[in-house]
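A.B. asks: here you go, sequence then predicted model.
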Amino acid sequence: MCYAIPAQIIEIKYPKAIIDYYGEKRNILLDDTKVKVGDYVYAQGGVFVRKIPASEAKKILKVFEDIFFELKKVDASLSKLDQDKIPANLLAVLQKVNLQKSLKKEELLTIAKLNNPAELSVLYEIANHIRQREHGNASCVHGIIEFSNYCQNSCFYCGIRQEQKIPRYRMSINEIVQAAKKAVKDFDFKALVLQSGEDYYYTDEILAEIVRKVKKIGVLVFISIGSRSKETYEKLYIAGARAALIRFETSNPHVFQTLRPPTTLDQRIDLIKHVRKIGYVLATGFILGLPGDDSEEAILNNILLTKSLAPDMYSFGPLIPSKNTPLATRSPISIELVLKTIALARIADPNSNILVTTALETLDANAKKQGLLAGANSMMINLTPTKYKKLYHIYDNRAGLDAEVAQSVQETVDLLKSLGRSPTDIGL
Ligand code: 5AD
């Protein structure tokens, strides 16, 4: 993963390069042949974003040098383990992970079934320890712009399914570009997720124009537009999009077909694999707690399917019932179950990037911090213009709807600082 500060290119072997942050090396994908060894660049999610002048880079690096190492110290001390406090069953898990041995499904299932609060709290500490070992203190903070709440689908859980009688909006190309420019100019975001319902008003040509214009601002363009065709994803890659968020939602084919008629899990997985093959940085995952998919084994199956897709980022969050949908009366998921799932994903796939989703924040105001201390290392800040944000009603009582962007960014930066984490997409 990359930091939000400039890195220096130390080696190029197209299409790959090695970059350096104060002596820490990272690999990136470099698709710009004008960049030379010695140049300073911004990179995101393992992808080159833009070059910056050496004089400017040196100034920024000087300002951040002390804080960069100070934050690392705080994170290292918060993620230290006291081996004496670890119960024997979890110590065995930790030893296996430390020896880089994969855990068997039965072993992971035993973890998934833990319920004792004392054991769970040790489990979170172990997951946090592994996160620190694998990723250091880097934590991605992507911005997300929800540009349309029209959707032609009827997913049973979703508050913007086509049957919902809700006010609909579409942002114009210009509005999207302006929102993206503001995110970069005011808050220095380096990666932006552009998300919408499945809305064919945005033809491939319109989407490509949006991608080109947002990319030109100098950010990693991350698309989240659902089950559009393989050709659409190919065209948008050519237009400059480099990352895609597309969840499979559930690993159970029967549940998938029941809740997402008339599509099938096979089709969705085929698309996700294709998106990966095109070369996109991939974020995928599931909804936690769908009916028929909420046993411990089902949750583990969801994690294992995510792992088998070899994504760059795990994105899963609890089902939050949305009014007037077929799942409106489902009982809410407990925060403990979400934290346990984060920890389990971290143990099952130590090197993964795991997102704390807004759905988790909706369960509990303190959830972001708890998620980050249970193995997660990524999050998103909603940058949708205020007048549209409330209309993107995927589920009820979404967190952060009243917060201004400046406030959300400040809260996130403060939280990350208190945990000794370096945000990777906005200033330290
Ligand atoms: N609760 C939680 N997550 C939901 N999503 C849709 N509806 C809900 C809900 N009620 C998620 C889906 C989708 C993402 C954009 O939002 O996983 O992929």
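C.D. replies: Arrived safely, thanks for sending. Numbers count the residues shown, from 1 in each chain.
A.B. asks: excluding chain neighbours, give the residue nearest to the closest residue to the ligand within the stretch 301-428 of the chain in space.
C.D. replies: Nearest residue of the stretch 301-428 of the chain to the ligand: Tyr395, at 3.5 Å (CB to the nearest ligand atom). Every C-beta, even on glycine, is put in place using the N, C-alpha and C of the backbone. Using CB to CB, 6 or more residues apart in numbering and skipping residues adjacent in sequence, the residue nearest Tyr395 is Ile320, 3.7 Å away.
A.B. asks: what about the one you found, neighbour count?
C.D. replies: Neighbour count of Ile320, defined by other CB atoms under 10 Å: 24.
A.B. asks: equivalent analysis for Val37, please.
C.D. replies: For Val37, the neighbour count with other CB under 10 Å is 11.
A.B. asks: element containing it?
C.D. replies: Counting by DSSP states H and E, no helix or strand carries Val37.
A.B. asks: so it makes contact with Lys13?
C.D. replies: No: the criterion here is CB atoms under 8 Å, and Val37 misses it with Lys13 at 10.7 Å.
A.B. asks: kindly export stretch 26-41 (C-alpha atoms) in PDB.
C.D. replies: The C-alpha coordinates for stretch 26-41 follow below in PDB (Å, rounded to 0.1, in the frame of the first residue of the first chain):
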ATOM      1  CA  ARG A  26       6.800  -0.600  -2.100                       C
ATOM      2  CA  ASN A  27       6.000  -2.100  -5.500                       C
ATOM      3  CA  ILE A  28       3.800  -0.200  -7.900                       C
ATOM      4  CA  LEU A  29       2.300  -0.500 -11.300                       C
ATOM      5  CA  LEU A  30       3.800   2.300 -13.500                       C
ATOM      6  CA  ASP A  31       2.000   2.900 -16.800                       C
ATOM      7  CA  ASP A  32       3.700   6.300 -17.700                       C
ATOM      8  CA  THR A  33       6.900   6.000 -19.700                       C
ATOM      9  CA  LYS A  34       7.800   9.600 -19.000                       C
ATOM     10  CA  VAL A  35       8.600   8.800 -15.400                       C
ATOM     11  CA  LYS A  36      12.300   8.200 -14.600                       C
ATOM     12  CA  VAL A  37      14.300   6.800 -11.700                       C
ATOM     13  CA  GLY A  38      14.800   9.500  -9.200                       C
ATOM     14  CA  ASP A  39      11.500  11.200  -9.900                       C
ATOM     15  CA  TYR A  40       9.000  11.900  -7.100                       C
ATOM     16  CA  VAL A  41       5.500  10.500  -7.500                       C
END
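A.B. asks: state the three-state secondary structure for Val193.
C.D. replies: Of the three states, Val193 takes strand under DSSP: H, G, I helix; E, B strand; the rest coil.
A.B. asks: give me the neighbour count for it.
C.D. replies: The burial count for Val193: 22, using other CB under 10 Å.
A.B. asks: one more: the one 10 residues further on?
C.D. replies: Look at Thr203: counted by other CB under 10 Å, it has 10 neighbours.
A.B. asks: measure it to Lys235 for me?
C.D. replies: 10 Å (CB to CB, to the nearest Å).
A.B. asks: residues contacting the residue sitting furthest away from the middle of the chain?
C.D. replies: Of all residues in the chain, Asp84 has its C-alpha farthest from the mean position, at 33.6 Å, by CA atoms, centre = their mean. Contacts for Asp84 (CB atoms under 8 Å, 6 or more residues apart in numbering) come out as none.
A.B. asks: then it would be within a helix, right?
C.D. replies: Yes: according to three-state DSSP, Asp84 belongs to a helix.
A.B. asks: shared neighbours, Thr203 and Lys235?
C.D. replies: Joint contacts of Thr203 and Lys235 (CB under 8 Å, 6+ apart) do not exist.
A.B. asks: what about Lys62, which helix or strand?
C.D. replies: Counting by DSSP H and E, Lys62 is part of helix 54-78.
A.B. asks: flag every buried residue along that helix.
C.D. replies: Buried residues in helix 54-78, defined by neighbour count with 16 or more other CB atoms under 10 Å: Ala57, Ile60, Leu61, Phe64, Phe68, Leu71, Lys72, Asp75, Leu78.
A.B. asks: make a markdown table from the residues you listed and add distance to the ligand to it.
C.D. replies: Shown next, in a markdown table, are the buried residues of helix 54-78 (distance: CB to the nearest ligand atom, whole Å):
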| residue | distance to the ligand |
| --- | --- |
| Ala57 | 36 |
| Ile60 | 34 |
| Leu61 | 36 |
| Phe64 | 33 |
| Phe68 | 33 |
| Leu71 | 31 |
| Lys72 | 33 |
| Asp75 | 29 |
| Leu78 | 29 |
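A.B. asks: now these as JSON lines including distance to Val338?
C.D. replies: JSON lines is the format used below for the buried residues of helix 54-78 (distance: CB to CB, whole Å):
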{"residue": "Ala57", "distance to Val338": "39"}
{"residue": "Ile60", "distance to Val338": "36"}
{"residue": "Leu61", "distance to Val338": "37"}
{"residue": "Phe64", "distance to Val338": "33"}
{"residue": "Phe68", "distance to Val338": "31"}
{"residue": "Leu71", "distance to Val338": "26"}
{"residue": "Lys72", "distance to Val338": "27"}
{"residue": "Asp75", "distance to Val338": "22"}
{"residue": "Leu78", "distance to Val338": "20"}
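A.B. asks: what sits against the residue nearest to Tyr395?
C.D. replies: Pro332, Ile333, Ala359, Thr362, Leu363, Tyr395, Asp396, Asn397, Arg398.
A.B. asks: next: Ser251.
C.D. replies: Applying CB under 8 Å, 6+ apart, we find Ser251 in contact with Leu265, Phe286, Asp293, Ala298, Asn301, Asn302, Leu304, Leu305.
A.B. asks: what is the neighbour count of the residue nearest to it when sequence neighbours are not counted?
C.D. replies: Residue nearest to Ser251 in three dimensions, not counting chain neighbours: Leu305, with 3.9 Å by CB to CB, 6+ apart. Leu305 has 19 neighbours, counted by other CB under 10 Å.
A.B. asks: quick check: Leu305 is in a helix.
C.D. replies: Yes: counting by three-state DSSP, Leu305 falls inside a helix.
A.B. asks: report the contact partners of it.
C.D. replies: Neighbours of Leu305 in contact, by CB under 8 Å, 6+ apart: Phe248, Ser251, Ile269, Phe286.
A.B. asks: sorry, back to before: look up how far Glu361 lies from the residue nearest to Tyr395.
C.D. replies: Taken as CB to CB, the span from Ile320 to Glu361 is 10 Å.
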